[in-house]
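K.L.:
what follows is a predicted structure for the sequence shown.
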Amino acid sequence: MPRDFLANRVVSLKPSGIRKFYDIVATMDDVISLGIGEPDFTTPQSILEAGVEALRQGETHYTPSAGIFKLREAIAEYLAGKYQVYYNPANEVMVSVGVSEALYLALTAVINPGEEIILPTPCFISYQAEVLLAGGVPVEVPGRIENGFQPDPELIEKAISTKTKAIFIGFPSNPTGVVATRENLLAISRLAEKHDLLVISDEIYDNLVYGVDHVCFASLPGMKERTITLGGFSKSYAMTGWRVGYAAAPAEILKGLVRIHQYTVMSAPAVSQYAALAALKIGAKDAEDMRLKYDRRRKLIVSRLNEIGLETLMPQGAFYAFPKITSTGLDDETFALRLLEEARVAVVPGSAFGSGGEGFVRCSYATKYELIEKALDRMENFVRTCS
């Protein structure tokens, strides 16, 4: 029998809690999925046409590794116009293969073996895994429903050690839908200065907010020089399959990300970059139309979940609700499995998103209003059987 050739850091990774349920759903009939965080909308027609036209024009080749310059310019203009944070498109902005690659690049570029990255949780499931794959140590700081799952600067400071390299934040939040307050982000910025830390900020849902303002972390006083901003097009413009995102950072930091990017993927797909350029130039109305539909679904799902008896905070961003399910007497893993098997509704256990997520499940409302209504009816009947 050959020896085990896989690296220890890979063997030790837990399977994705989201993909686990996605794989089960694929074997079943009549399932309504509230599990996958993917817009149910097709990419808007104007963006599709831009991609098709790029193909007709022969844009089927490698681009510069950092991305086509017009797109980097448009990203810089977007960040300047929306958040008053100014990046040089020549050396402070790069285009990645989705935000997932930007996340990989950021962590791989900055982590030395054994360095610690602080993660307020619950958070997107890839954060811990990518820290481990980069040779780092994820240090989770669990949030609490009692304070609205806001990041707690006092607890974050207690987690800082001599090995801490960065604080990683992701707001608006997947899975809770929380938008971090300016007050809390300012407190985190003071910690970054005090302890000389980098901040990596995943802001992929920045345009999906409801009645509140999202604060771009790099726009806070003194933070641009110690922040890597991650963003993209998948969620706001329904472009998940195009696989295009970006990172923005000071030139000395960004060159490390670009160097790894050159050796791993060369460049993001050319056609996707031209589609993303169209999204920034002409896609605002379509993005707003989708946001308004998400808002209507948000109000429905939160109202009904609370009526069913599953305590749910009103999310301020993204397209997720995060109900507390402990009133059923079930843990979140059992609740999700039984709900799927008995009621044919797919959700994701909160524990998949790290400490603080235990006892909750994530419900995505990125699906049709009528299907959400039907799923909630099934959930109500299921919860009654648990009483």
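P.N.:
Looks like it arrived, so ask away.
K.L.:
what strand or helix carries Glu140?
P.N.:
Under the criterion DSSP states H and E, the helix or strand holding Glu140 is strand 137-142.
K.L.:
pull up the pairing partners for that strand, direction included.
P.N.:
For strand 137-142, the paired strands and their directions (DSSP bridges) read strand 116-121 (parallel).
K.L.:
for the strand it pairs with, the averaged confidence score.
P.N.:
Mean pLDDT, strand 116-121: 97.
K.L.:
gap between it and the chain center?
P.N.:
Here the centre of strand 116-121 is set off from its chain's centre by 15 Å, with C-alpha atoms, centre = their mean, to the nearest Å.
K.L.:
now swap in stretch 198-206 and tell me
P.N.:
From the chain centre to the centre of stretch 198-206 is a distance of 8 Å (C-alpha atoms, centre = their mean).
K.L.:
just the CA coordinates for it, please, in CSV.
P.N.:
Below are the C-alpha coordinates for stretch 198-206, written out as CSV (Å, rounded to 0.1, in the frame of the first residue of the first chain):
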residue,chain,number,x,y,z
LEU,A,198,-3.0,44.2,8.3
VAL,A,199,-6.8,44.1,7.7
ILE,A,200,-8.2,42.0,4.9
SER,A,201,-11.8,43.1,4.1
ASP,A,202,-14.1,40.9,2.0
GLU,A,203,-16.8,43.3,0.7
ILE,A,204,-18.3,41.2,-2.1
TYR,A,205,-21.9,42.1,-0.9
ASP,A,206,-21.2,45.8,-0.6
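K.L.:
and stretch 324-343, what's buried?
P.N.:
By neighbour count on 16 or more other C-beta atoms under 10 Å, the buried set for stretch 324-343 is Lys324, Ile325, Thr328, Leu330, Asp332, Glu333, Phe335, Ala336, Leu339, Leu340, Ala343. For glycine as for every other residue, the C-beta is placed from the backbone atoms N, C-alpha and C.
K.L.:
surely the last one touches Arg384?
P.N.:
It stands for Ala343. No - with contacts counted by C-beta atoms under 8 Å, Ala343 stays clear of Arg384, the gap being 10.7 Å.
K.L.:
for Gly211, phi and psi?
P.N.:
In terms of degrees, to the nearest 10, the main-chain angles of Gly211 are phi 80, psi 0.
K.L.:
and Asp213, how close does it get to Ala192?
P.N.:
Counting by C-beta to C-beta, to the nearest Å, the gap from Asp213 to Ala192 is 21 Å.
K.L.:
who has more neighbours, those two?
P.N.:
Using other C-beta atoms under 10 Å as the criterion, Asp213 and Ala192 rank with Ala192 on top: 21 against 11.
K.L.:
that one: what's it in contact with?
P.N.:
With contact set as C-beta atoms under 8 Å, 6 or more residues apart in numbering, Ala192 has these partners: Ile167, Leu198, Val199, Met223, Arg226.
K.L.:
most neighbours of all those residues, which one?
P.N.:
Counting neighbours by other C-beta under 10 Å, Ile167 comes out on top of the contacts of Ala192 with 29 neighbours.
K.L.:
count of neighbours near Ala180?
P.N.:
Burial of Ala180, expressed as a neighbour count using other C-beta under 10 Å, amounts to 23.
K.L.:
enumerate every residue touching it.
P.N.:
Going by C-beta under 8 Å, 6+ apart, Ala180 touches Gln150, Pro151, Ile169, Phe171, Ser173, Val215.
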